[in-house]
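Enquirer: What would the 3D arrangement of this be:
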Amino acid sequence: MQLPSFNKKPLLMRSFGHLGVLISLLAVLPSCGGSGSNSTPNPPSGTSQLLYTGLPSLNAVAGFRINSSGTFTNIVGSPFPGGLSPGAMLVHPSNQFLYVVNRTEFTVSLFKIDQNVGSLTEIKPRVATGPGPTAIAMTTAGDKLFVLNQAGGSISVFSIDSGSGKLTQISGSPFTTAPDPVALAVTPSGKFLYVVNSNLALVFVYSISGNGTLQLVGSPVPTGTGPFAIAVDPNEKFVYVANSQADTLSIFSLDSATGALTEVFGSPFLTGTSPISIAVSTDGQYIYIADQGTNDITGYSIDASTGLPTSITGSPFGFSSPSLLVTAPGGKFIFGVALRSVFVNEFSIDSSTGTLTDGPSSNTLNTVPVGIAISR
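Expert: Residues are numbered from 1 along each chain as shown. Sure thing, here's the model as predicted:
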């Protein structure tokens, strides 16, 4: 795939650099508790969700069950053995499979999820990615998986067998992208994919063909310096980019027919220091930005027509050294992990105001977790 020419002069990311990038990506996933007396083998159907997180120091994946009030319960048998240094992960829309990238092994693990207990069984062999896989995305239909390879400067694309969950790398994969990619996002329609790179103040737009082939669309779109996270509005109207070096949030309107991005009036908007992760509410009404430098979460309500943000009452919300925020399906909670914390933190969302309230935390994991995946 041919890329357009652009200025490759590297930008020094404040307080990050390559090591900081890897640490941040590792720490952004929630932690899960080990075995304990609060484990439950078979809770009532429909009253809870499953949450998984990676434990790189143990080469394992931990699991929790979260009930309707947000209480954490350890899944029996957790943590579950996996690949080397597990990181970013996703639960398949069917809730039958969990996919986990193994950052130092350059592979993806496929786990079968026990529908009664929530326990994991790895289905081998693991599938090879490019060097340094750091981020993962999936189509809403659950038929394609995308892995961003930071060290390799590429995107691996896999088709997913709906019955077995098996991954098959498509022809032409991995696809080359600009150096040092750190985050990607796929539109709900599955037609477009967006990538940001830590040393380039640009957003790269790709079209996704029916078989998963990626094709660069137009020229990269300028954003703020040090982009580190990207998210797509679930209504496919806006794209959000956290610019960690500029301490801003860029908001773009999205053309759902072409994938083209147009920066909204007034963008970029101020956040706290070193914004590093973005969580969007399931209805698209609110967005939350993890600010690592100021130890907080900036929250905005988003105008559905213009994309203009308005600060949520009580924002910013305190959260020490956040590295990852993930919105739970159903929209009641946001879960987060921090750089040096051995807990998964929970925040409940007020559906009428968007205000965040601290909720329960997980049992200690005794090690910093990386990556969060939550069932539907």
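Enquirer: Let's see stretch 292-304 as PDB, backbone CA atoms only.
Expert: Presented in PDB, the C-alpha positions along stretch 292-304 are these (Å, rounded to 0.1, in the frame of the first residue of the first chain):
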ATOM      1  CA  GLN A 292      -2.500  11.200  32.900                       C
ATOM      2  CA  GLY A 293      -0.600  14.400  33.800                       C
ATOM      3  CA  THR A 294      -3.300  16.000  35.900                       C
ATOM      4  CA  ASN A 295      -4.600  12.800  37.400                       C
ATOM      5  CA  ASP A 296      -8.200  13.200  36.300                       C
ATOM      6  CA  ILE A 297     -10.900  12.500  33.700                       C
ATOM      7  CA  THR A 298     -12.300  15.300  31.600                       C
ATOM      8  CA  GLY A 299     -16.000  14.800  30.700                       C
ATOM      9  CA  TYR A 300     -18.000  16.500  27.900                       C
ATOM     10  CA  SER A 301     -21.500  16.300  26.600                       C
ATOM     11  CA  ILE A 302     -21.600  16.400  22.800                       C
ATOM     12  CA  ASP A 303     -24.100  18.300  20.700                       C
ATOM     13  CA  ALA A 304     -25.600  15.700  18.300                       C
END
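Enquirer: where's it relative to the chain centroid, distance-wise?
Expert: 16 Å (Cα atoms, centre = their mean, to the nearest Å).
Enquirer: State the mean pLDDT of it.
Expert: If you average the pLDDT over stretch 292-304, you get 97.
Enquirer: in that stretch, what's buried?
Expert: For stretch 292-304, burial by neighbour count (16 or more other Cβ atoms under 10 Å) applies to 292-302. (Glycine included, C-beta is placed from N, CA and C.)
Enquirer: repeat for stretch 209-222
Expert: Residues of stretch 209-222 classed as buried: 212-214, 216-217, 220-221 (neighbour count, 16+ other Cβ under 10 Å).
Enquirer: ditto for stretch 246-262
Expert: 246-254, 259, 261.
Enquirer: Most widely separated two among the residues you listed?
Expert: Maximum pairwise distance in the buried residues of stretch 246-262, criterion Cβ to Cβ, is 27.4 Å, between D247 and G259.
Enquirer: Among the buried residues of stretch 246-262, which lie within strands?
Expert: Residues of the buried residues of stretch 246-262 located in strands (DSSP state E): 248-254, 261.
Enquirer: Turn these into a markdown table, columns for distance to L98 and pLDDT.
Expert: Output for those, formatted as a markdown table (distance: Cβ to Cβ, whole Å; pLDDT from 0 to 100):
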| residue | distance to L98 | pLDDT |
| --- | --- | --- |
| T248 | 34 | 98 |
| L249 | 30 | 98 |
| S250 | 32 | 98 |
| I251 | 32 | 98 |
| F252 | 31 | 98 |
| S253 | 34 | 98 |
| L254 | 29 | 97 |
| L261 | 31 | 98 |
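Enquirer: quick one: contacts for F192?
Expert: Taking Cβ atoms under 8 Å, 6 or more residues apart in numbering as the criterion, F192 is in contact with 186, 205-208, 217, 259.
Enquirer: again, 6 Å this time
Expert: Going by Cβ atoms under 6 Å, 6 or more residues apart in numbering, F192 touches 207, 259.
Enquirer: where does it land on pLDDT?
Expert: F192 is given a pLDDT of 98.
Enquirer: Specify the beta-bridge partners of it.
Expert: As for beta bridges, F192 partners with S207 under DSSP bridges.
Enquirer: same thing with L216?
Expert: With DSSP bridges as the rule, L216 is bridged to Y206.
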